[in-house]
Structures are given as structure tokens and as C-alpha cells.
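[1] Got a predicted structure here, sequence first:
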Amino acid sequence: MLERFRQFWTNVFKPIAHLLMAWGVSPDTVTIVGTGGVVAGALVFFPRGQLLIGVLVITTFVFSDLVDGYMARTLGTSSKWGAFLDSTLDRIGDAAIFAGLAVYLFGQGDDPLVACVALWALVMGSVTSYTRAKAESLGMQAKGGIAERSDRLAAVLAMAGLSEILHLPILLPIVLWAVAVASTVTVVQRMVLVRRQALSDPNVPG
């Protein structure tokens with residue numbers, strides 16, 4: 001759903017990308033620094049219950065995912081290594097976000113059940129990405145489903161921030177349950193899609 005806005009935000013951050021390129025900053029450096037910012041925002045502020053500050057810090061660094069890609073394309077340095085690094089660090093950033101919320105909910109948030117839901121959402125988010133990667137390695141495709149990565153991330157960050165702004169802590173459990181369920185459904189959808197491709201193509205490894 002949110003992928004349609006990628007080009008818009010890329011255009012917004014083009015001036016920053018060109019400034020970084022003028023300074024000699026590499027796309028890989030942007031990727032690493034961006035992930036570090038996301039991890040710091042999630043694991044420093046979320047466990048303390050400072051959800052809004054955490055969301056603002058994370059959101060600032062999340063956009064580095066657009067900047068590094070644009071820089072690599074513009075510089076002509078796009079590579080398999082860059083794609084691998086970007087994808088791997090994305091998983092680390094996502095894990096930090098849900099882990100930070102889980103630590104908060106196990107502690108100050110005092111809601112162990114929802115903390116477990118956050119951890120389940122973390123696991124299913126990782127499995128969602130794995131199903132696509134594994135399918136593509138076998139010559140099939142498993143993109144799509146009701147909960148793409150950008151949708152999950154935007155929903156969690158938006159509701160986490162609003163829960164503090166509006167003083168409605170119930171928003172966080174609601175979005176975590178929704179993301180956990182949607183991620184699980186997405187995994188099933190992708191498994192069904194891959195199974196159909198496998199059954200229709202006898203040349204696909206079993």
C-alpha cells in the first residue's frame with residue numbers, strides 16, 4: 001500500500017542525497033548510520049516509555065532507506081552487496097522496533113500478553129521477508145499479502161506515537177494485535193502462492 005508513496009518521498013529527500021554525495025558519503029555508510037539510528041531510537045526510548053520521542057527518532061532515520069537507494073542508483077554503484085546489506089540491516093531495524101516495544105510492555109507498560117504479541121509480530125515479520133527471499137532463490141515469487149513491510153512499520157510507528165499524543169495507551173495493543181495477525185496471514189498467503197507455483201512447475205526443486 002505505502003510503496004506507492006516511495007517515489008514521492010524519494011523526490012523530497014533528493015537534495016539531502018545530493019549533498020551527501022557531494023561530501024563523498026557512500027550509500028553503504030548511509031545504510032549503516034540509518035540502521036544505527038533506528039536501533040538507538042527503538043532500544044533507548046521505547047523501553048523507557050518515551051514512545052513519541054522514539055517514533056520521531058526512528059522515523060527520521062527510516063528515510064535513509066530511500067536516500068541510500070537513490071544515491072546508489074545515481075552514482076551507478078548499485079550492487080548485490082548493497083542490496084544484501086540494505087535488506088539485512090532492515091531486518092535488524094525492524095527487530096529493534098518490536099523488541100523495544102516488547103521490553104517496554106514487559107516492564108513499565110505492564111502488559112506481558114501484548115509484549116508477547118509484539119514478539120510474535122517480530123517473528124512473523126521476519127518470516128514474511130524470508131518466504132519472499134527463499135521463493136526468489138528457487139525461481140519463484142512470493143511478493144504481496146495484506147501486510148507489506150512498509151505497511152507494518154508505518155502502522156506501528158503511527159499508533160505508538162499517537163498513543164502518547166492522545167493519551168490513549170489502548171492504541172498500542174490494538175496495532176500490535178493487528179500487525180501480528182496481518183503478518184501471520186501474509187505468511188500463509190505467500191506459502192499458498194509458492195505452493196501453487198511449485199505444483200504448476202515440475203522443474204521447481206521439491
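    Everything's here; your move. Residues are numbered from 1 along each chain as shown.
[2] Break down this protein into its helices, ranges please.
    Secondary structure of the chain (DSSP state H): helices located at 6-12, 14-22, 27-40, 51-62, 64-75, 80-106, 112-137, 149-165, 171-200.
[3] Compare the ones you listed and report which one is nearest to Lys143.
    Nearest of these to Lys143, taken as Cβ to Cβ: helix 112-137 at 5.8 Å. For glycine as for every other residue, the C-beta is placed from the backbone atoms N, C-alpha and C.
[4] Tell me if I'm right that Ile16 and Val67 touch.
    Yes - using Cβ atoms under 8 Å, Ile16 makes contact with Val67 at a distance of 6.1 Å.
[5] buried set for stretch 57-77?
    For stretch 57-77, the neighbour count (16 or more other Cβ atoms under 10 Å) marks 57-59, 61-62, 64-72 as buried.
[6] Correction: the previous question concerned stretch 132-141.
    132, 135, 140.
[7] residue ranges with poor pLDDT in the protein?
    Applying pLDDT under 70 to the chain flags residues 1-7, 9, 202-206.
[8] one step back: could the buried residues of stretch 132-141 be laid out in CSV, adding distance to Ser183?
    Putting these into CSV (distance: Cβ to Cβ, whole Å) gives the following:
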residue, distance to Ser183
Arg132, 13
Ala135, 17
Met140, 20
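[9] for those residues, which one is nearest Leu171?
    Checking the buried residues of stretch 132-141 one by one against Leu171 (Cβ to Cβ), the nearest turns out to be Arg132, at 29.1 Å.
[10] how far does stretch 43-55 stretch from start to finish?
    Across stretch 43-55, the straight-line distance between its terminal residues is 11 Å, by Cα to Cα, to the nearest Å.
[11] Equivalent analysis for stretch 58-68, please.
    Using Cα to Cα, the end-to-end distance of stretch 58-68 comes to 16 Å.
[12] residues in contact with that stretch?
    6, 9-10, 13, 16-17, 20, 27-28, 30-31, 33-38, 41-42, 82, 86, 90, 93, 97, 153, 157 (Cβ atoms under 8 Å, 6 or more residues apart in numbering).
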